[in-house]
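Asker: One predicted model, sequence on top.
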Amino acid sequence: MAKENRPNRGSGLITATVLVAGVAGIFGALKYRPVVEVTSLNPAPISVAVSVVEDVYDSVVGDVVENDARPRGYEILGQYIYGEGANQLEITREAIGQVIKNRVGRKGYKDSLEGVIKSDARFTCVGSKKNKNWAQATGELPRNEYEEMIYQRCLNDSADVLNGKDLGYENQDKWIAYFDSSTNYEKVCKLDSAYWETLRPDVSIGDITLCVPLE
């Protein structure tokens with residue numbers, strides 16, 4: 001088996017940076033960390049037996065391969081989810097995907113998933129030479145078996161979001177932006193007040209805070 005990527009021991013949670021993006025707005029950037037599956041908000045140091053990883057990998061990949069009902073665009077969205085949030089909780093990854101879905105066709109955004117993801121360098125992971133996850137997601141770099149397992153989960157998350165999965169939040173169809181929860185919202189607003197003052201924080205999920213438009 002290929003050598004697995006492991007983070008430094010500790011909380012396993014990402015650290016904060018803030019990206020100033022294009023004309024349409026800014027996002028809180030989730031700093032790149034090696035791929036690791038987070039299973040709780042305060043995970044213990046991760047130590048996964050190789051046999052367990054292989055068993056889960058086989059079942060996850062099998063589920064994806066056998067699923068013929070994957071929606072159009074699931075792959076590009078899955079790549080983005082992996083690039084931006086591979087080390088996040090499943091619900092956080094799905095929330096990230098939901099934001100992209102909600103932006104499609106909205107005023108000021110492109111009318112396709114790919115257009116939203118790749119326009120105006122709005123997302124730090126896209127095309128980043130510093131983000132190994134994005135290069136792995138797009139096939140520029142190989143994925144080992146553990147990373148492949150996580151990538152397949154991100155594809156599943158993408159398909160679930162595009163198929164209309166209820167994440168259990170009242171405003172999930174209104175989420176239009178997010179930022180790293182460790183970044184003060186007032187500080188985010190100062191970077192681009194014209195954009196962020198049209199939004200309000202709605203809910204924090206894992207390491208991100210989701211925002212909805214002011215009504």
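Answerer: Thanks, I have it. Residues are numbered from 1 along each chain as shown.
Asker: Return the residues in contact with the closest residue to Arg200 other than its chain neighbours.
Answerer: Distances taken as CB to CB, 6 or more residues apart in numbering place Leu214 nearest to Arg200, at 5.7 Å, with adjacent residues excluded. Any C-beta I mention is one placed from the backbone N, CA and C, and that applies to glycine too. By CB atoms under 8 Å, 6 or more residues apart in numbering, Leu214 lies in contact with Thr198, Leu199, Arg200.
Asker: Let's see which of those end up in strands.
Answerer: Applying DSSP state E to these, the entries found in strands are Leu199, Arg200.
Asker: Check which helices and strands the helix or strand containing Ala194 is in contact with.
Answerer: Following DSSP states H and E, one finds Ala194 within helix 193-196. Counting by 3 or more CB pairs under 8 Å, 6 or more residues apart in numbering; DSSP states H and E, the packing neighbours recorded for helix 193-196 are helix 185-191.
Asker: Counting neighbours, which of the contacts of Leu214 comes out on top?
Answerer: The most crowded member of the contacts of Leu214, judged by other CB atoms under 10 Å, is Leu199 (20 neighbours).
Asker: quick one on the thing from earlier: report pLDDT for the residue nearest to Arg200.
Answerer: Reading off the confidence values, Leu214 has pLDDT 92.
Asker: where exactly do the strands run in this protein?
Answerer: 16-19, 27-30, 177-180, 199-205, 208-213.
Asker: Test my guess that Asn102 contacts Asp173.
Answerer: Yes: if you go by CB atoms under 8 Å, Asn102 and Asp173 touch, sitting 6.4 Å apart.
Asker: And these two? Which one has more around it.
Answerer: Remark: of Asn102 and Asp173, Asn102 carries more neighbours, 21 against 13, as counted by other CB under 10 Å.
Asker: list the contacts for that one?
Answerer: Asp173, Lys174, Trp175, Ile176.
Asker: Same check on Tyr74?
Answerer: Contacts of Tyr74 (CB under 8 Å, 6+ apart): Leu155, Ser158, Ala159, Leu162.
Asker: got the residues you listed as a markdown table, with pLDDT, neighbour count and distance to Pro142 columns?
Answerer: Output for these, formatted as a markdown table (pLDDT from 0 to 100; neighbours: other CB atoms under 10 Å; distance: CB to CB, whole Å):
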| residue | pLDDT | neighbour count | distance to Pro142 |
| --- | --- | --- | --- |
| Leu155 | 96 | 23 | 17 |
| Ser158 | 96 | 29 | 21 |
| Ala159 | 95 | 21 | 23 |
| Leu162 | 95 | 20 | 27 |
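Asker: How are the helices of the protein distributed by residue range?
Answerer: Using DSSP state H, the helices of the chain run over residues 50-66, 74-85, 90-103, 113-118, 132-137, 145-162, 185-191, 193-196.
Asker: out of those, which comes closest to Ile205?
Answerer: Taking CB to CB, helix 90-103 is the member of these nearest to Ile205, at 4.9 Å.
Asker: so where's the protein shaky on pLDDT?
Answerer: Residue ranges of the chain with pLDDT under 70: 1-69, 120-122.
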